[in-house]
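# got a structure for you, letters missing:
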């Protein structure tokens, strides 16, 4: 017969309980502090560099779609 490899005092058998620390009633009954919610920073309008970059991206994307047209057969389409 095989013998058990467990130790004589496993952790599950200890008599300590969680949360048994002492707290005063004032601490336990104290209301939670509520702070006002902070809104993330959002500028009123995009800056000049952002507008220029997005405008350039629109132009390049439109040109790529215009000049990069491919004609696919019906069975090659989805």
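Yep, that arrived. Note that the coordinates shown come from a computational prediction; the quantities given were computed from them, not determined experimentally.
# okay, now the unreliable bits of this structure?
Low-confidence segments of the chain, defined by pLDDT under 70: 1-27.
# please tell me how far residue 28 sits from residue 34.
18 Å (Cβ to Cβ, to the nearest Å). Where C-beta positions appear, they are placed from N, C-alpha and C, glycine not excepted.
# please apply the same query to residue 59.
Computed as Cβ to Cβ, the residue 59 to residue 34 distance reads 49 Å.
# neighbour count: those two, which is higher?
residue 59 (10 against 6; other Cβ atoms under 10 Å).
# where's the more buried one, which helix or strand?
helix 48-67 (DSSP states H and E).
# give me the residues contacting that helix.
residue 46 (Cβ atoms under 8 Å, 6 or more residues apart in numbering).
# please repeat the previous calculation with a cut-off of 10 Å.
With contact meaning Cβ atoms under 10 Å, 6 or more residues apart in numbering, helix 48-67 is reached by 43, 45-47.
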